[in-house]
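Trainee: Pasting the sequence and the predicted model now:
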Amino acid sequence: MRIVTSAAAMQRLAQSWQRRGTRIGFVPTMGFLHEGHLSLVRIARKRVGVSGKVVVSIYVNPTQFGPREDLSRYPRDFKRDCRLCRAADVDVIFAPSDAEMYPRWGEATNEPAREDARPTFSTYIVEEKISRAMEGASRPTHFRGVTTVVAKLFNLVLPDVAVFGAKDWQQAAIVKRMVADLNFPLRIIVAPTVRERDGLALSSRNKYLDAAQREQATILHRSIQRARVIVKRKSVSAAKLKADMKRFIATAPLGRLDYVEVFEPTTLAPAAQVSRGTHMALAVFFGKTRLIDNARL
Ligand code: PAF
């Protein structure tokens with residue numbers, strides 16, 4: 001397994017694979033890997049085969065964090081991530097620095113660097129429809145950072161397939177939209193959410209929960225199960241279901257509901273009426289930690 005930290009070196013390596021006709025599978029991550037990430041790695045490997053290459057990027061992307069979000073305290077353990085990737089048969093870890101991904105004046109343009117050099121990275125990709133609601137409403141600049149860094153990573157890793165987790169359903173939908181709209185020559189695969197035994201979706205942020213919060217955090221998954229039971233026999237209005245969900249989530253007193261939404265799974269168009277097959281997503285704060293989950297009902 002190789003660890004590549006330079007953007008140019010990553011791109012050269014991917015180009016050399018491409019010239020030889022080697023298929024490239026890609027799993028973008030922010031590190032602190034868990035079984036959910038490893039399930040994406042296994043899917044990438046399956047897609048490209050033993051002769052293909054699997055690249056995992058580990059990069060905590062600052063542009064997708066808001067000014068009051070957890071960028072500095074985002075959990076990191078690069079050594080452990082390397083161990084897990086090696087065991088999962090990853091070929092390359094791409095772990096660039098911020099300076100590699102968002103170059104300063106001079107470094108990007110070959111002009112002489114100045115003493116007062118400030119980051120002048122200034123090109124962003126903005127999805128304008130499905131990124132506005134839910135996560136986009138709670139975190140206004142989040143998806144602009146995600147689409148921008150994912151587009152950059154695609155240009156550096158040159159994947160044939162890239163695998164994203166269904167836990168971030170809106171993110172996956174936006175990335176698919178971007179790939180279609182901007183003609184990226186690759187296929188996006190969305191892999192099922194991996195859960196703890198009690199239903200909590202795996203997330204690097206689960207680490208922030210104290211014991212009592214951890215116990216109540218199953219309210220997200222239990223809400224989905226409850227909604228499934230409600231819509232199993234007959235459809236209900238979105239307003240009625242959301243009101244029920246709010247009351248139910250209030251039974252976990254350490255949780256504070258951020259949003260619960262029901263929508264069509266591809267376009268993310270809000271549903272007025274909810275039946276089997278409608279998608280539901282929710283976000284709940286436990287202290288400062290914000291957990292998300294979603295599922296088809
Ligand atoms: O889902 C994530 O971990 C991140 O949003 C991603 C896709 C790696 C982009 O930084």
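Mentor: Yes, it's here. For clarity, every value in this text was computed on a predicted model and none was experimentally measured. Numbering: from 1, shown residues only.

Trainee: now residue 2: how far from the ligand?
Mentor: Separation of residue 2 from the ligand (CB to the nearest ligand atom, to the nearest Å): 20 Å. C-beta: built from backbone N, CA, C; applies to glycine.

Trainee: Give me the spatial nearest neighbour of that residue, chain neighbours excluded.
Mentor: Nearest residue to residue 2 in three dimensions, chain neighbours excluded: residue 92, at 4.9 Å (CB to CB, 6 or more residues apart in numbering).

Trainee: can you check residue 159 too?
Mentor: The shortest distance from residue 159 to any residue that is not its chain neighbour, by CB to CB, 6+ apart, is 3.5 Å, and that residue is residue 26.

Trainee: what helix or strand is that neighbour on?
Mentor: Counting by DSSP states H and E, the element that carries residue 26 is strand 24-29.

Trainee: any idea how far that strand is from the chain center?
Mentor: On the basis of CA atoms, centre = their mean, to the nearest Å, strand 24-29 is displaced by 12 Å from the centre of the chain it belongs to.

Trainee: got it, and stretch 211-222?
Mentor: Its chain's C-alpha centre lies 21 Å from the corresponding centre of stretch 211-222 when counted by CA atoms, centre = their mean.

Trainee: repeat for stretch 173-180
Mentor: Computed by CA atoms, centre = their mean, the separation of stretch 173-180 from the middle of its chain amounts to 13 Å.

Trainee: Okay, buried residues for it please.
Mentor: Going by neighbour count (16 or more other CB atoms under 10 Å), the buried part of stretch 173-180 is 173, 174, 175, 176, 177, 178, 179.

Trainee: Need the three-state assignment for residue 128.
Mentor: When the structure is reduced to helix, strand and coil (DSSP: H, G, I helix; E, B strand; the rest coil), residue 128 reads as coil.

Trainee: can you count the residues close to it?
Mentor: As a burial measure, the neighbour count of residue 128 was computed by other CB atoms under 10 Å and equals 8.

Trainee: what does stretch 211-230 contact?
Mentor: Identification of contacts with stretch 211-230 by CB atoms under 8 Å, 6 or more residues apart in numbering yields 195, 198-201, 206, 209, 236, 241, 244-245, 248-249, 251-255, 260, 274, 280, 282, 284, 286-287, 289, 291-295, 297.
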